[in-house]
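K.L.:
Let's see this in three dimensions:
(one chain, ligands or ions: 2)
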Amino acid sequence: MSEAKADILLVGGGSVGAIVALNLESGRHASVTVVCRSNFAAVSSRGYQIRSCDHGSVNGFKPSIVVNEIPQASDSRPFDYIVCTTKNVVDVPPSLFDLLRPAVTPGKTVIVLIQNGLNIEKPLIRAFESNIVLSGVSLIGANEPEPGTVVQDFPDTLYIGAFRNPKVSAKLEDAAADDFVRRYSAGGKTQCSVDKNVGYTRWRKLVYNSCLNSICAITGLDTGRIRLADGAVTGLVRPAMKEIVAVARKAGYELPDSVVDDMIEMDPVTLYLPPSMLSDTRKGNFIEYENILGEPLREAEKLGVPMPTLKVLFHLCQAIQWKNKELKGLVSVPPSSSAA
Ligand SMILES: NC(=O)C1=CN([C@@H]2O[C@H](COP(=O)(O)OP(=O)(O)OC[C@H]3O[C@@H](n4cnc5c(N)ncnc54)[C@H](OP(=O)(O)O)[C@@H]3O)[C@@H](O)[C@H]2O)C=CC1
Ligand SMILES: CC(C)(CO)C(=O)C(=O)O
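P.N.:
Ligands and ions are numbered 1, 2, ... in the order given. A predicted model of the protein is given here:
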């Protein structure tokens, strides 16, 4: 007898969310309800148009259900999993936990955060103390150049492991990670594996994200061009990456020296890959600078590790965020006193 499909709510049907939904649905061990926002009209009418290095061209992919607001959890059929693939922008309300609250069944729904950054689980574990929260670290290189059209340039590699919730048994957390990996992998077009050391994996990925995402977003250059640009790798990328490695080591995660070159060379130059933060600045979207730069900086301050390059990158990103907040009416400035 085949096992029942898991009921999965996927919040954030953008670049990563579309591919996650495709992997889950194609394995036939999950039924996915996708919450879309700006691309709702496109996805609900025509489905996703996907060009993927893993799946080829998939035109008109429609997950089981497409909605444009977070549904209320049903007593008779609660969600087994809520997968979050929104950008984690903690300095812009509403908070992720307030957004998810109606759909979470206490003690039942497993929350999976497929998002970049450090300490993203903390507010979720505080808000849902009887629920399991899993970490999803993704390498995928996906973009949505227009609503509902998704381009995936990098093979989907996803690491799933448990964030430890002191009020939930570690055995149940690990079993949930195993179950999710099995369902996600069932379609056979992805590399999804269990992550036994979530802290290490997240710090390792920060070597890329804190440095390349921010430097590309600030300069407007993709990762290929940043490697070709005069002085950018030696003057900016490498020093920033070494600072992340130093603080990770002080925090107990022994990253090897080779991680710096591994991250710089991760994508081929001619892929001209825009990291997700550069895609956001190009679209005028808010950026995830707090969890990608702010949290590592705060850890460094606690541990007494200097991060001069990261600090400058953080404040430049903070200024970019403020610019977008003003454009979107979230902050206002006093009237101009210029005579012009
Ligand atoms: N793209 C990539 O290659 C990679 C991304 N990541 C991480 O994965 C996460 C997702 O990134 P990515 O897919 O690129 O992001 P996208 O911006 O492409 O997609 C996020 C989606 O979430 C939607 N969304 C945001 N808030 C809400 C809400 N309140 N209700 C419903 N939908 C909402 C957005 O809608 P709207 O369009 O209206 O804003 C958008 O469709 C991030 O943490 C990112 O850092 C990790 C590895 C690689
Ligand atoms: C490493 C990379 C570029 C894609 O996997 C990423 O994490 C991002 O775009 O934020």
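K.L.:
so residue 157 bridges to which residues?
P.N.:
residue 139, residue 191 (DSSP bridges).
K.L.:
Tell me the residues on the stretch 151-300 of the chain that lie near ligand 2, please.
P.N.:
154, 208-209, 213, 273, 275-276 (Cβ under 6 Å from any ligand atom). Glycine gets a C-beta too; all of them are placed from N, C-alpha and C.
K.L.:
Within reach of ligand 1, which of those are there?
P.N.:
Answer for these near ligand 1 (Cβ under 6 Å from any ligand atom): residue 276.
K.L.:
Which one of the residues of the stretch 151-300 of the chain next to ligand 2 is nearest to ligand 1?
P.N.:
If you rank those by distance to ligand 1 using Cβ to the nearest ligand atom, residue 276 comes first, at 3.9 Å.
K.L.:
Point out where this protein drops to low pLDDT.
P.N.:
Within the chain, the ranges that satisfy pLDDT under 70 run 1-2.
K.L.:
Give me the domain ranges for it.
P.N.:
Listed domain ranges for the chain are 6-196, 199-327 (source: automatic domain parsing).
K.L.:
Residue 338: which of those domains is closest?
P.N.:
domain 199-327 (16.8 Å; Cβ to Cβ).
K.L.:
neighbours of the nearest residue to residue 123 once chain neighbours are set aside, just the number please.
P.N.:
The shortest distance from residue 123 to any non-neighbouring residue, by Cβ to Cβ, 6 or more residues apart in numbering, is to residue 97 (5.4 Å). For residue 97, the tally of surrounding residues (other Cβ atoms under 10 Å) stands at 15.
K.L.:
who touches residue 97 in this structure?
P.N.:
The contact partners of residue 97, by Cβ atoms under 8 Å, 6 or more residues apart in numbering, come to 123-124, 126-128.
K.L.:
Which members of those residues come out as buried by neighbour count?
P.N.:
124, 127-128 (16 or more other Cβ atoms under 10 Å).
K.L.:
Which stretches in the stretch 201-340 of the chain count as helices?
P.N.:
For the stretch 201-340 of the chain, the helices defined by DSSP state H, counting those that start in this stretch occupy 214-219, 223-228, 232, 238-250, 259-264, 276-283, 289, 295-303, 308-327.
K.L.:
what's the angle between the fourth one and helix 308-327?
P.N.:
Computed by axes from the mean of the first three to the mean of the last three Cα atoms, to 10 degrees, the angle separating helix 238-250 from helix 308-327 equals 100 degrees.
K.L.:
Just the buried residues of stretch 290-304, please?
P.N.:
Residues 290-297, 299-300 are the ones in stretch 290-304 that count as buried (16+ other Cβ under 10 Å).
K.L.:
what comes into contact with that stretch?
P.N.:
88-91, 115-120, 206, 209-210, 213-214, 243-244, 247, 250-251, 277, 306-307, 310-311, 313-314, 317.
K.L.:
Could you rerun that using 6 Å?
P.N.:
88, 90-91, 116-120, 206, 209-210, 214, 247, 250, 307, 310, 314, 317 (Cβ atoms under 6 Å, 6 or more residues apart in numbering).
K.L.:
Can I get that stretch as PDB, trimmed to CA atoms?
P.N.:
Presented in PDB, the C-alpha positions along stretch 290-304 are these (Å, rounded to 0.1, in the frame of the first residue of the first chain):
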ATOM      1  CA  GLU A 290      19.800  41.300   9.200                       C
ATOM      2  CA  ASN A 291      20.100  37.500   9.200                       C
ATOM      3  CA  ILE A 292      22.800  37.400   6.600                       C
ATOM      4  CA  LEU A 293      25.100  40.100   8.000                       C
ATOM      5  CA  GLY A 294      23.700  41.500  11.200                       C
ATOM      6  CA  GLU A 295      23.500  38.200  13.100                       C
ATOM      7  CA  PRO A 296      27.000  37.100  12.200                       C
ATOM      8  CA  LEU A 297      28.300  40.500  13.300                       C
ATOM      9  CA  ARG A 298      26.400  40.400  16.600                       C
ATOM     10  CA  GLU A 299      27.900  36.900  17.200                       C
ATOM     11  CA  ALA A 300      31.400  38.300  16.400                       C
ATOM     12  CA  GLU A 301      30.900  41.200  18.900                       C
ATOM     13  CA  LYS A 302      29.900  38.700  21.600                       C
ATOM     14  CA  LEU A 303      32.900  36.500  20.900                       C
ATOM     15  CA  GLY A 304      35.300  39.400  20.500                       C
END
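K.L.:
Does ligand 1 have contacts with it?
P.N.:
No. Using Cβ under 6 Å from any ligand atom, stretch 290-304 never reaches ligand 1; the gap is at least 7.4 Å.
K.L.:
Partner strands of the helix or strand hosting residue 111 and their direction?
P.N.:
Element membership for residue 111 (DSSP states H and E) is strand 110-114. Looking at strand 110-114 with DSSP bridges, its partner strands are strand 81-84 (parallel), strand 133-139 (parallel).
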